[in-house]
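> below is the sequence, then the predicted model.
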Amino acid sequence: MSVPSPPTPLGLLLCDDMIFTSRITGTAQALGLSVKPARSLEALKTLIQQQSPACIIVDLGYPGLSITDFMAGLAHHGSPLPRVIAYGSHVDTATLRAALEAGCHAVLPRSKFVEDLPRALPEWLRSEPQEGR
C-alpha cells in the first residue's frame, strides 16, 4: 500500500497586473508548484480563510494596500502564519522599508524579485514553519 504524498504547499498572490501575475503563476507551474492569484484584497482574504497558504506574495504597488494593516490583520488570522514576500518599486524606499517594519519575511525591489523568483519560490513555499522573519 502506498503512502499518500503530502499536499503541494500553496502560495497566494495579491497582484492586479495580469501580465505580472501570469509570469509568477507560470514560473510556479513550471516548477511544479501552486500559486493562486487574487486580484483584490477581498479575494485574498477569502483565499486565506479557505486555504492554508505557506506563502503570500504581495505587490506593494497594489492600489489602496496598507502593508502595515495587512500584516496586522494576518497576525489575527491565526497560526501558523504564512511567509509574506513583498515586492515593489526600487524608488519607493519608504514602502519597501514599511513592509520590512510590518514583518514581511522578505522585501525585494521588483527587478530582484523577478530575478530571484525561479530559485527562491520553492524555498518560499516550503511547508516547514520558518523561525523568525
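Perfect, thanks for sending it.
> endpoints of stretch 39-57, how far apart?
With CA to CA, to the nearest Å as the measure, stretch 39-57 spans 12 Å from end to end.
> contacts for the longest helix seen in the chain?
Counting residues, the longest helix in the chain under DSSP state H turns out to be helix 110-124. With contacts defined as CB atoms under 8 Å, 6 or more residues apart in numbering, helix 110-124 is touched by 11, 23-24, 27-28, 30-31, 33, 35, 54-55, 57, 83, 85, 87-90, 105-106, 108. (C-beta placed from N, C-alpha, C; glycine too.)
> checking the residue nearest in space to the middle of the chain next. Helix, strand or coil?
The chain has residue 57 as the residue nearest its centroid, 1.7 Å off, counting by CA atoms, centre = their mean. With DSSP: H, G, I helix; E, B strand; the rest coil as the basis, residue 57 sits in strand.
> what of residue 91?
Secondary structure state of residue 91, per three-state DSSP, is coil.
> alright, calling it a day.
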